[in-house]
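In: Sequence and predicted model, in that order:
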Amino acid sequence: MPALARKFAPETEPSPAHRRKIFHASVLVTRIEEWFVEADSAEEARALFAAGEGHRATSGERVHLEVERLFEGAE
């Protein structure tokens, strides 16, 4: 069976005047997440959450995003 060859147009680089730049940012993100703990009372559960205990049930929705710092190019 004969082999088929396809010709493709050569990929062209954008001119330096039209090349897009890469920017990096330090971003503060606020999310609403659902967490759970096992406890005997609501007061105990609040104390456990306040102490950083618990397990995340869902990663939540992003409700706020704020760019702290913006960097041009790689650092």
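Out: Alright, I've got the coordinates.
In: Which strands or helices does the lengthiest strand in the chain pack on?
Out: As assigned by DSSP state E, the longest strand anywhere in the chain is strand 55-72. Helices and strands touching strand 55-72, as assessed by 3 or more C-beta pairs under 8 Å, 6 or more residues apart in numbering; DSSP states H and E, comprise strand 23-36. For every residue, glycine as well, the C-beta is placed using N, CA and C.
In: where are the low-confidence patches of this structure?
Out: Applying pLDDT under 70 to the chain picks out residues 1-14, 16, 74-75.
In: about what we covered before: in the longest strand of the chain, which residues are buried?
Out: For strand 55-72, the neighbour count (16 or more other C-beta atoms under 10 Å) marks no residue as buried.
In: just how off-centre is that strand within its chain?
Out: Relative to its parent chain, strand 55-72 has a centroid offset of 7 Å by C-alpha atoms, centre = their mean, to the nearest Å.
In: C-alpha coordinates for that strand, PDB please?
Out: This file holds the C-alpha atoms of strand 55-72, laid out as PDB (Å, rounded to 0.1, in the frame of the first residue of the first chain):
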ATOM      1  CA  HIS A  55     -12.000  17.600  57.100                       C
ATOM      2  CA  ARG A  56     -12.900  19.400  53.900                       C
ATOM      3  CA  ALA A  57     -16.000  18.000  52.300                       C
ATOM      4  CA  THR A  58     -15.900  20.200  49.200                       C
ATOM      5  CA  SER A  59     -13.300  22.600  47.800                       C
ATOM      6  CA  GLY A  60     -16.000  25.300  47.500                       C
ATOM      7  CA  GLU A  61     -16.700  28.200  45.200                       C
ATOM      8  CA  ARG A  62     -14.400  31.100  44.600                       C
ATOM      9  CA  VAL A  63     -16.200  34.200  45.900                       C
ATOM     10  CA  HIS A  64     -13.500  36.800  45.600                       C
ATOM     11  CA  LEU A  65     -10.200  37.100  43.800                       C
ATOM     12  CA  GLU A  66      -7.700  40.000  44.300                       C
ATOM     13  CA  VAL A  67      -4.400  40.400  42.500                       C
ATOM     14  CA  GLU A  68      -1.700  41.200  45.100                       C
ATOM     15  CA  ARG A  69       1.300  41.600  42.900                       C
ATOM     16  CA  LEU A  70       1.900  41.300  39.200                       C
ATOM     17  CA  PHE A  71       5.300  40.200  37.600                       C
ATOM     18  CA  GLU A  72       6.300  40.500  34.000                       C
END
